[in-house]
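In: Sequence plus predicted model, see below.
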Amino acid sequence: MQSLRSELLVRIFTVSSSMVGVCMGGIGLFHIIRSIGKVNYVSDELLAADSLLFLLACFTSFWALRTHHLSFAITLEKVADGLFLLALSLMVGVCILLVYAVSHP
């Protein structure tokens, strides 16, 4: 069970850190689209908040991997899971906004 927890936390850690970079790239994409005049949404602000959520998920999963207190590690694992799922859901919403912005001039 311990190895399964550790494997899950390592995956959350690596994917969350990668998703921060994806969010930053998305912010750049929205700025390009905005400069063309096609979009005036809050999508880049949402992506910035999303990157912070992914970063928090990354930090809490790392903290859970490093702590020696099992009950605290389990709590941190649940927090990391929740933050990761929330950030992933927000990213889907931002992607929907992006598709709408590009397809509807």
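Out: Arrived safely. These numbers come from a predicted model, not from an experiment.

In: Any buried residues in the helix or strand containing residue 96, and which?
Out: Residue 96 is part of helix 70-103, with elements assigned from DSSP states H and E. In terms of neighbour count (16 or more other C-beta atoms under 10 Å), helix 70-103 has its buried residues at 73, 76-77, 79-81, 83-84, 87-88, 90-91, 94, 97-98, 101. In this view, the C-beta of every residue, glycine as well, is placed from N, C-alpha and C.

In: One more: stretch 43-54?
Out: 43-44, 46-47, 50-51, 53-54.

In: So what touches that stretch?
Out: Residues from elsewhere that reach stretch 43-54 (C-beta atoms under 8 Å, 6 or more residues apart in numbering): 16-17, 19-20, 23-24, 26-27, 30-31, 34, 83-84, 86-87, 90-91, 93-94, 97-98, 101.

In: how far does it sit from the chain's center?
Out: 7 Å (C-alpha atoms, centre = their mean, to the nearest Å).

In: Same check on stretch 54-71?
Out: In terms of C-alpha atoms, centre = their mean, the centre of stretch 54-71 is found 15 Å from the chain centre.

In: Give me the mean pLDDT for it.
Out: Averaged over stretch 54-71, pLDDT sits at 89.

In: Put the alpha carbons of it into PDB.
Out: C-alpha atoms of stretch 54-71 as PDB (Å, rounded to 0.1, in the frame of the first residue of the first chain):
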ATOM      1  CA  PHE A  54      -1.100  22.800 -10.200                       C
ATOM      2  CA  LEU A  55       1.900  24.200  -8.300                       C
ATOM      3  CA  LEU A  56       0.100  23.700  -5.000                       C
ATOM      4  CA  ALA A  57      -0.700  20.200  -6.000                       C
ATOM      5  CA  CYS A  58       3.000  19.700  -6.800                       C
ATOM      6  CA  PHE A  59       4.100  21.100  -3.500                       C
ATOM      7  CA  THR A  60       1.700  19.100  -1.400                       C
ATOM      8  CA  SER A  61       2.500  15.900  -3.100                       C
ATOM      9  CA  PHE A  62       6.200  16.600  -2.600                       C
ATOM     10  CA  TRP A  63       5.600  17.400   1.000                       C
ATOM     11  CA  ALA A  64       3.600  14.200   1.400                       C
ATOM     12  CA  LEU A  65       6.500  12.200   0.000                       C
ATOM     13  CA  ARG A  66       8.900  13.800   2.300                       C
ATOM     14  CA  THR A  67       7.000  13.600   5.600                       C
ATOM     15  CA  HIS A  68       7.500  10.700   8.000                       C
ATOM     16  CA  HIS A  69       4.200  11.000   9.800                       C
ATOM     17  CA  LEU A  70       1.800   8.600   8.100                       C
ATOM     18  CA  SER A  71      -1.500  10.300   9.100                       C
END
